[in-house]
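**Student:** with the sequence up front, the predicted model follows.
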Amino acid sequence: MQVLHIFRRDLRLSDNAAFDAAVHESNGDVLPVFVFDDALLRGRGVAPARVRFMLDCLQSLDESLRARGSRLILRRGDPAAILAQLAHETGASAVFFNKDYTPAARARDAHITRTLRSAGVRVEAFKDQVIFEEREILTGAGSPYTVFTPYKRAWLARPRPLPLADSNMVLRTPAVKSLTLPTLAELGIAASNQRIPRGGERAAHEMLREWIDSRRVNAYADKRDFPAIEGTSRLSPHLRFGTISPRTCVTAAEHAATQFNQKDGFETWISELIWREFYQQVLANFPYAARGAFKKQYDALRWGSGDDALDQARFDAWCTGHTGFPIVDAAMRQLAETGWMHNRARMIVSSFFTKDLLLNWQWGERWFMQQLVDGDPASNNGGWQWSASTGTDAQPYFRVFNPRLQSERFDPDGDYIRTWVPELHGVHGKHIHAPHEMTPMEQRMASCVIGEDYPAPIIDHPAQKDEIVRRFKALG
DNA sequence: TGAAATGTTGGGGCG
DNA sequence: ACGCCCCAACATTTC
């Protein structure tokens, strides 16, 4: 009895809930399928770098399947129609997949499920992408949490599912047509020359092992806020595409914390994984937040300067890293060049975007989705709304980052800045955080003339801060 | 996962 | 020796 498994954000064989169930139920007669969904590939939130990473993951997944006697069947088009066709063609009696929680994904999956069921095919959806899903963690009143700290407490108090045991069952897959792995150009996506990490399940497991065994995870609490330091796991693209499961990550880190009797780094790192689940849960339970402010009264907030050309120029300066604020420019260039940005830097540039440039957070959210290899709708939306003070658990609107202070605190020697902003290589000492304060003589000495080699700050922080606080205050 | 203003405390210089 | 003042360091408050 043939079972079809659809891979989407679970591009791995180990600890994969739906795939494991498909293999066991079918006794190895499994049809592993991936569908290139044109509706997604043509959307405005596509990042060439992310698609490249995904293609790498798919290549690696196909190799893993071939090692087990199977292979990955690739198709392109409308998923529901393709899956109905494939089920008919192969006589598959059931289609399995892992649940996805964004509003668009749920609509797509509801359509797939209706189509297949009306064709007489059984459909089963599994929890896999998160440890606890949408309505598993509820308040005493039975409603979803909208504040992180109590959510985290409830999350930690609950017994966690362990990773599934690896199966070595030999797989048999019928001969059906498959696309060869397409290129970016064949998918109609712009070329990407960003330096992105290696995809695939093996790469993910190697990274996790290194993260744990080198004990970098133990130093996470102390080092994670300094973007010049390799203090984070960098596993986010793998969690995004499911080349590693959150259960595997948590179990490995917990084991290491016990073994080394070192809890701080572990607990702080796990908190970040809980943030990921928190935001998935928020979007699942409050789907309107994908399209507007979680706190609805802030949909009425007026963004921008009133001058569209000025706003566009500011937006472009931010995207390309030419705002005249070194820490912001370094971060934006890291994003453009690598498809990744350090988390502390994400907070700084998103605060700058909303509270200093006064631009609508949704523009920034979209730019991130177009750039990030790890771009995830729920985490990205949650993070932007947090920064914009429109979201769940948002920072109060009067908490505004001072880019200069953030720079001095989290990149004290300017190492991060100099790595990504070559114009500032010759700028030494404290001037690295505010090069426009150099005298004309100092500017020449540093080979960094303000207005020629590097821009003056494009906005005045105190004035912009006053303005945004006034606008928020007006809405209560 | 804030910043800045304001308040408090305590050590040390100094008359 | 003593009180006064300054000010840094830290804590609290406010937005």
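**Tutor:** That came through fine. Numbering: from 1, shown residues only, chains lettered A, B, ... in the order given.
**Student:** break down the stretch 301-450 of chain A into its helices, ranges please.
**Tutor:** A:308-320, A:326-338, A:343-351, A:361-371, A:377-388, A:403-410, A:415-420, A:440-445 (DSSP state H, counting those that start in this stretch).
**Student:** what sits against A:Gly364?
**Tutor:** For A:Gly364, the set of contacting residues under the criterion of C-beta atoms under 8 Å, 6 or more residues apart in numbering consists of A:318, A:349-350, A:353-354, A:384. To be clear about C-beta, it is placed using only N, CA and C from the backbone, and glycine gets the same treatment.
**Student:** go on, A:Gly382?
**Tutor:** For A:Gly382, the contact set (C-beta under 8 Å, 6+ apart) comprises A:275, A:278-279, A:282-283, A:391-392.
**Student:** and these, which is closest to DNA strand C?
**Tutor:** A:Gly391 (18.1 Å; C-beta to the nearest atom of the strand).
**Student:** the closest residue to the closest one other than its chain neighbours: how many residues sit nearby?
**Tutor:** Of all residues not flanking A:Gly391 in the chain, A:Gln385 sits nearest, at 2.7 Å (C-beta to C-beta, 6 or more residues apart in numbering). As a burial measure, the neighbour count of A:Gln385 was computed by other C-beta atoms under 10 Å and equals 27.
**Student:** contacts only, for A:Gln385.
**Tutor:** Taking C-beta under 8 Å, 6+ apart as the contact definition, A:Gln385 lies against A:289, A:293-294, A:361, A:391-392, A:394.
**Student:** residues in contact with the closest residue in space to A:His428 that isn't next to it in sequence?
**Tutor:** If the residues on either side of it in the chain are set aside, A:His428 comes closest to A:Ala446, at 7.0 Å by C-beta to C-beta, 6+ apart. A:Ala446 makes contact with A:424, A:426-428, A:431, A:435, A:438 under the criterion C-beta under 8 Å, 6+ apart.
**Student:** could you check how far A:Ala446 is from A:Glu452?
**Tutor:** When C-beta to C-beta, to the nearest Å is applied, the distance between A:Ala446 and A:Glu452 equals 12 Å.
**Student:** from what I see, A:Ala185 and A:Ser192 are in contact.
**Tutor:** No: under the criterion of C-beta atoms under 8 Å, A:Ala185 makes no contact with A:Ser192, lying 10.9 Å away.
**Student:** what residue ranges in the stretch 351-476 of chain A score low on pLDDT?
**Tutor:** For the stretch 351-476 of chain A, not a single residue meets the criterion pLDDT under 70.
**Student:** which parts of the stretch 301-450 of chain A sit against DNA strand C?
**Tutor:** Proximity of the stretch 301-450 of chain A to DNA strand C (C-beta under 7 Å from any atom of the strand) is limited to residues A:396, A:398-399.
**Student:** can you rerun that using 10 Å?
**Tutor:** Counting by C-beta under 10 Å from any atom of the strand, the positions of the stretch 301-450 of chain A adjacent to DNA strand C are A:396-400.
**Student:** PyMOL command to pick out the buried ones of these?
**Tutor:** To isolate the buried subset of these in PyMOL, counting by 16 or more other C-beta atoms under 10 Å, use the following:
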select buried, chain A and resi 397+400
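**Student:** can you pull the contacts of A:Ala119?
**Tutor:** Residues counted as contacts of A:Ala119 (C-beta under 8 Å, 6+ apart) are A:84, A:87-88.
**Student:** okay, the helices of the stretch 301-450 of chain A in JSON lines with distance to A:Ile73 next?
**Tutor:** As requested, those are exported to JSON lines (distance: least, C-beta to C-beta, whole Å):
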{"stretch": "helix A:308-320", "distance to A:Ile73": "38"}
{"stretch": "helix A:326-338", "distance to A:Ile73": "32"}
{"stretch": "helix A:343-351", "distance to A:Ile73": "37"}
{"stretch": "helix A:361-371", "distance to A:Ile73": "28"}
{"stretch": "helix A:377-388", "distance to A:Ile73": "26"}
{"stretch": "helix A:403-410", "distance to A:Ile73": "47"}
{"stretch": "helix A:415-420", "distance to A:Ile73": "41"}
{"stretch": "helix A:440-445", "distance to A:Ile73": "60"}
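**Student:** quick one: closest of those to A:Gln59.
**Tutor:** Closest approach to A:Gln59 among the helices of the stretch 301-450 of chain A (C-beta to C-beta): helix A:326-338, 20.5 Å.
**Student:** is that closest one in proximity to DNA strand B?
**Tutor:** No: counting by C-beta under 10 Å from any atom of the strand, DNA strand B has no neighbours in helix A:326-338; the shortest distance is 10.6 Å.
**Student:** just to revisit the earlier point, and the residue nearest to A:Gly391, how far from A:Tyr279?
**Tutor:** Separation of A:Gln385 from A:Tyr279 (C-beta to C-beta): 9 Å.
**Student:** and A:Asn381, by the same measure?
**Tutor:** Plainly put, A:Asn381 is 7 Å away from A:Tyr279 if you go by C-beta to C-beta.
**Student:** before we move on, the earlier item: narrow the contacts of A:Ala446 to just the buried residues.
**Tutor:** By 16+ other C-beta under 10 Å, the contacts of A:Ala446 give A:424, A:427, A:431, A:435, A:438 as buried.
**Student:** how near is the third one to A:Ser407?
**Tutor:** Using C-beta to C-beta, one obtains 11 Å as the distance from A:His431 to A:Ser407.
**Student:** now the last one
**Tutor:** From A:Met438 over to A:Ser407 the distance is 15 Å, taken as C-beta to C-beta.
**Student:** out of the contacts of A:Ala119, which is nearest to A:Gly304?
**Tutor:** Among the contacts of A:Ala119, and counting by C-beta to C-beta, the member closest to A:Gly304 is A:Ala84, at 46.0 Å.
**Student:** where does that closest one fall, secondary structure wise?
**Tutor:** Assigned by DSSP states H and E, A:Ala84 belongs to helix A:79-90.
**Student:** what helices or strands is the helix or strand that that helix is followed by leaning on?
**Tutor:** Of the helices and strands lying after helix A:79-90 in sequence (DSSP H and E), the nearest is strand A:94-98. In terms of contact count using 3 or more C-beta pairs under 8 Å, 6 or more residues apart in numbering; DSSP states H and E, strand A:94-98 is assigned the packing partners strand A:3-7, helix A:17-26, helix A:103-118, strand A:122-126.
**Student:** now do 6 Å
**Tutor:** Contacting strand A:94-98 under the criterion 3 or more C-beta pairs under 6 Å, 6 or more residues apart in numbering; DSSP states H and E are the following elements: strand A:3-7, helix A:17-26, strand A:122-126.
**Student:** relative to DNA strand B, which of the ones you listed is closest?
**Tutor:** Ranking the helices and strands packed on strand A:94-98 by their distance to DNA strand B (criterion: C-beta to the nearest atom of the strand) puts helix A:17-26 first, at 26.8 Å.
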